[in-house]
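J.: From the sequence below, what's the structure:
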Amino acid sequence: MTKTAQQIPAGWKKKGLTEIARIRKGLTYKSVDYGDEKNGLVFVTLKCISKGGGFNKDGVKFYKGKYDQSNVVESGDLIIANTDLTRAGDIIGAPLFMPHLSSNSVLISMDLSVIDIDGNQVIKHYLYYYLLQDSVRQFMRSISSGSTVLHLQLKSLSSLDISLPSLPEQTRIASIFSRVDEEIEKVEQIIEQTEKLKKGLMQKLLTKGIGHTKFKQTELGEIPEEWEVEELSKVCRFKNGKAHEKQIAENGNYIVINSKFISSDGAVVKYSNDNLKPLSAGDIVMVMSDVPNGKALGKCFLVLEDNKYTLNQRICALRPINGNPKFYFYVLSRNSYFLNFDNGVGQTNLRKDEVLKCFVPVPPVTEQEQIAKILDAIDGRLVINEKTKSNLLKLKKGLMNDLLSGKVRVNN
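T.: Below you'll find the model as predicted:
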């Protein structure tokens, strides 16, 4: 992406970013200048940038101090992040379009910059997709300084080459990406709605059951009269994991179940040739350690195959004595009992005795199976939609490689 002899199609041009756009940095501010909705203008901060690009409204603040017109942004402006607090550099240089936030002036912080394009040379949406490419994201990280906090060196953006077809072809390319993004957004909405449905069903099924009319008060609140409440120690057998660091092998025979494996739903995998802590179908494995406010603590994974997994340290295995494993997987995963051990300050390390003191509902096994079947069907729908989303993202990535390099032309 830097200035090289990379070939481009005949008729295309290659120009540095600062030749086709002006970079306008945001407002330097102090926290005392923060206002509120009644006393201040909408102020877009670094926290408004989602990982990899995209807008997060939770990061919006309000500003009541002095500013000038160069700090004002309009709906539809192309924005990039100048600063990044993530270790992987997921945000630095990531682009987004400014959404409509207010009928009054909207300001951006010094951690963000506006890219004011020259409309005679580049289409805004074409440039947006160009900046999303993995190679450009890597370039942005390479021109950033800092160890714990990354700062984009804006002067170095002049060395970022942009391959430019004609304006009509730029428009057609951007239109193709926009249509793919629309399909991705539709799938994401379906996933969001399905997750809301699942959450509501879990709340109802795990507390009210199926078809009950009489209830009683317990340590877990109101549950059906036919149900019991037990400590986990009475319902499941417990097994601790073991360190596998010295047994990690790239092409090992066994998957090591560690925190990253569970938190990523099996996407991040390490292998071992030694099965130090064997697991069997029906085992529920759970993360016992996590950083403050982490998303892994208490998260579970249900083992469905024998002789495939080995259990790492700081992960426990829980095996129902008589109950349905899938039912207890839904009961235990990210259970509020475990999350309450996280004080938001130090690392959380659950002990065996703490885990086993968790109270759980005990419906009849036949009802456990019914509840598990309903929730499993919802999860099946989520898997299908997540796969559809993954395929669309792969399609988009392939199109970026083909269309933004000119390997495939869009002439009509």
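J.: Spatially central residue in the protein, please.
T.: Lys51 (7.5 Å; CA atoms, centre = their mean).
J.: what's around Glu192, how many residues?
T.: Counted with other CB atoms under 10 Å, residues neighbouring Glu192 total 11. Just so you know, the C-beta spots here come from the backbone N, C-alpha and C atoms, and that holds for glycine as well.
J.: Secondary structure element for it, which one?
T.: Counting by DSSP states H and E, the element that carries Glu192 is helix 167-208.
J.: Output the below-cut-off pLDDT ranges for the stretch 301-412 of the chain.
T.: Low-confidence regions of the stretch 301-412 of the chain, defined here as pLDDT under 70, cover residues 412.
J.: Residues contacting stretch 71-79, please?
T.: Applying CB atoms under 8 Å, 6 or more residues apart in numbering, the external contacts of stretch 71-79 come out as 26-27, 44, 49, 95-101, 105-108, 112-117, 124, 127-128.
J.: These in helices, which ones?
T.: Among these, the members falling in helices are Lys124, Leu127, Tyr128 (criterion: DSSP state H).
J.: that older thread, quick check: next helix or strand after the helix holding Glu192?
T.: Counting by DSSP H and E, the element after helix 167-208 in chain order, helix or strand, is strand 215-218.
J.: In that following strand, which residues are buried?
T.: In terms of neighbour count (16 or more other CB atoms under 10 Å), strand 215-218 has its buried residues at Phe215.
J.: Could you pull out the helices in this structure for me?
T.: Chain-ordered helices for the chain, with DSSP H as the definition, fall at 17-20, 124-131, 134-142, 167-208, 232-235, 259-263, 325-332, 336-339, 352-356, 365-403.
J.: any chance of the ones you listed in CSV, plus distance to Ala281?
T.: Conversion of the helices of the chain to CSV gives the following (distance: least, CB to CB, whole Å):
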stretch, distance to Ala281
helix 17-20, 54
helix 124-131, 45
helix 134-142, 38
helix 167-208, 23
helix 232-235, 18
helix 259-263, 17
helix 325-332, 8
helix 336-339, 24
helix 352-356, 21
helix 365-403, 14
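J.: Ile248 is nearest to which of the ones you listed?
T.: For Ile248, the closest of the helices of the chain is helix 259-263, at 12.4 Å, according to CB to CB.
J.: domains of this protein?
T.: Under the assignment named as automatic domain parsing, the residue ranges that make up the domains of the chain are 13-164, 228-362.
J.: can you put these in a markdown table and add distance to Lys208?
T.: As requested, the domains of the chain are exported to a markdown table (distance: least, CB to CB, whole Å):
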| stretch | distance to Lys208 |
| --- | --- |
| domain 13-164 | 32 |
| domain 228-362 | 10 |
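J.: mean pLDDT lowest for which of these?
T.: Looking at the domains of the chain, the lowest mean pLDDT belongs to domain 13-164 (a mean of 91).
J.: So which bits of stretch 159-170 are buried?
T.: Within stretch 159-170, the residues scored as buried using 16+ other CB under 10 Å are Leu160, Asp161, Ile162, Ser163, Leu164, Pro165, Glu169, Gln170.
J.: Was I right to think Asp118 contacts Lys15?
T.: No - under the contact definition of CB atoms under 8 Å, Asp118 does not touch Lys15, with a separation of 9.6 Å.
J.: Which parts of the stretch 201-350 of the chain are strands?
T.: When assigned using DSSP state E, counting those that start in this stretch, the strands of the stretch 201-350 of the chain occupy the ranges 215-218, 221-224, 228-231, 236-240, 254-257, 270-272, 284-287, 289-290, 300-302, 309-311, 315-320, 348-349.
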